[in-house]
Structure formats: structure tokens, C-alpha cells
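[1] Turn this into a structure:
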Amino acid sequence: MVDAEKAKKPKGNRNKNSNLPDIDLKSLIFGAAAYAFFPLISYQYGQDILMAFAAIGPLYIGYKAKTNLKAVLLGIVGATPLLYFAFGGFIGPYTPSEIGDLITALVILGLGGIMAFFGAYLYRSRAKDIADYEEASSYKGTKNVPIRVKKMEDTGSVTTNIRNLFLPQRKKKDNDE
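    Numbers count the residues shown, from 1 in each chain. As a prediction, this is how the structure comes out:
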């Protein structure tokens, strides 16, 4: 086979007929490990500031997931090691109770899902900014990215101006103040 033909072949053995989502296992494992590792080390060594770094895990999971639903689901899956450590007593004393277990599980899994959702949001925001930069750099002689400014027109009424500034655009009525 000629080298040019090898370059045209797709890499990997992906099944095009599969309905399985494309999950980045490396990011899922790394994110789950980071989400469980930092609270564990924080409790063991008494360094509470390390607890803030636990958010790196679900953010990374969501960033690599790229879509909202997949990010939330993978964030919940990535939070299970921390849930295991919490119920095992590795990150503090554990006293079993029905409602306490339920609240603990919901909080840990919910935070994993929410942080993964924000990771997916960061991915979309960055992708949009990269596209804007590439569009702006295509113009000859400039590398400046245009700044998105919300255009506001003066209607003569203070309340209508404030409403137009802070609320999303809507169909304008003729009977505005």
C-alpha cells in the first residue's frame, strides 16, 4: 500500500453503525481520580485548601465530553469514587443513616454533574472564541478579534432602555413607553 493511501485511511477501528456515544475514557478516569484524590489528601493531611482542586476532575470530564447531556452523565459517573470514599470513612467520620446517606449521595453526584456541565459550557465557549479568532485573522492585515458588543438604541424612555439592556431581545411592541 502506498503511503498516500495509508494517510487517507481513518485511524482506529471505529464502528460506524454503533449507537454507543464517543466517550473519552482517559478523561473520565483522570477526572474521577482527581475528584476523589484531592478530598482524600486534604482530609488525610489537614490541608483544606486542597479541597478546592477537586473541581478539576468534573470540569475536565465535561470539557472532554463536549455536549451537555453526556457531560452531566459522565460527571455523575466520575463522582462515584468520591462517593465510595465518603461512605467508606476515608474523608471523615461516617455514621450511617438513611436520610444522611441519601443527602450525601445526592450532593456528591449532583456537584459532579453540575461541574461537568460547566466544563461542557467552557468547551463550547472556547470553540466559539476560536472560530471568531480564525474568522478575524482571515482578514488581511489584522489579527484583532472583533468584540461582541450588545447594540442598544435609545428609545427615549429610561425604563425601556434599561429593559432592553438587561433582558433578552423580544419582539418590540408599538405601545412601548
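
[2] Helices of this protein, residue ranges please.
    Assigned by DSSP state H, the helices in the chain fall at 3-8, 25-45, 56-65, 68-78, 80-88, 98-137, 158-166.

[3] For the ones you listed, could you give me JSON lines that also reports mean pLDDT and mean neighbour count?
    Yep, even glycine has a C-beta here, placed from its N, CA and C like the rest. Formatted as JSON lines, these follow (pLDDT from 0 to 100; neighbours: other Cβ atoms under 10 Å):
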{"stretch": "helix 3-8", "mean pLDDT": "56", "mean neighbour count": "7"}
{"stretch": "helix 25-45", "mean pLDDT": "94", "mean neighbour count": "18"}
{"stretch": "helix 56-65", "mean pLDDT": "94", "mean neighbour count": "26"}
{"stretch": "helix 68-78", "mean pLDDT": "94", "mean neighbour count": "22"}
{"stretch": "helix 80-88", "mean pLDDT": "94", "mean neighbour count": "18"}
{"stretch": "helix 98-137", "mean pLDDT": "90", "mean neighbour count": "15"}
{"stretch": "helix 158-166", "mean pLDDT": "76", "mean neighbour count": "12"}
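
[4] Can you give me the separation between the nearest residue to residue 116 once chain neighbours are set aside and residue 136?
    Using Cβ to Cβ, 6 or more residues apart in numbering and skipping the chain neighbours, the partner closest in space to residue 116 is residue 75 (2.5 Å). Distance, residue 75 to residue 136, by Cβ to Cβ, to the nearest Å: 33 Å.

[5] same deal with residue 60?
    Distance, residue 60 to residue 136, by Cβ to Cβ: 29 Å.

[6] confidence score at residue 93?
    The score at residue 93 is 89. That number is its pLDDT.

[7] Now it, what are its backbone angles?
    phi -60, psi 140 (degrees, to the nearest 10).

[8] Next one: it relative to residue 46, how far apart?
    15 Å.

[9] What of residue 69?
    To residue 46, residue 69 is 38 Å away according to Cβ to Cβ.

[10] Same question for residue 31.
    Taken as Cβ to Cβ, the span from residue 31 to residue 46 is 25 Å.
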